[in-house]
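In: What follows is a protein structure lacking sequence information:
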């Protein structure tokens, strides 16, 4: 299965795995699954660090690079198709970053891993919920 990690799932998997449900943890650890990450999640993580809402040591950019080096993930590029799809979503999240994640999952045919119920409600997006 191809899994797109929502920002908080990615952060929790690296910083506080105890926040992951057994189903999500098993899915992330399963070598048969392919993990994907959107650049929007990198941006969100850096914004959270800049605002003091999450500690990324020794600094945000270095933490991101070290994490990406340690955990093999494919990049889910934000391209024109993703931008168009984000505008086609009639229901779902109002937050632009969340809309991009839902659109990314649709364009690349990924299963979104999230705890965000609004994001999980995006139409035509397969989801694994962290409960």
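Out: Received, thanks. Keep in mind it's a predicted model, so treat the numbers as computed, not measured.
In: can you pull the contacts of the closest residue to residue 48 other than its chain neighbours?
Out: In this structure, residue 48 finds its nearest non-sequential neighbour in residue 54, 4.4 Å apart by CB to CB, 6 or more residues apart in numbering. All C-beta atoms are positioned from the backbone trio N, CA, C, and that covers glycine. Contact analysis of residue 54 by CB atoms under 8 Å, 6 or more residues apart in numbering lists 11, 15, 45, 48.
In: Likewise for residue 124?
Out: The contact partners of residue 124, by CB under 8 Å, 6+ apart, come to residue 106.
In: Over to it. Which of the three states is it?
Out: Assigned by DSSP: H, G, I helix; E, B strand; the rest coil, the conformation of residue 124 is coil.
In: re the thing from before, neighbour-wise, which of the contacts of residue 54 leads?
Out: Neighbour counts for the contacts of residue 54 peak at residue 45, which has 24 neighbours (criterion: other CB atoms under 10 Å).
In: What's the mean pLDDT across the helix or strand hosting residue 99?
Out: Residue 99 belongs to helix 96-108 when assigned by DSSP states H and E. Averaging pLDDT along helix 96-108 yields 95.
In: Give me the phi and psi for residue 30.
Out: phi -70, psi 120 (degrees, to the nearest 10).
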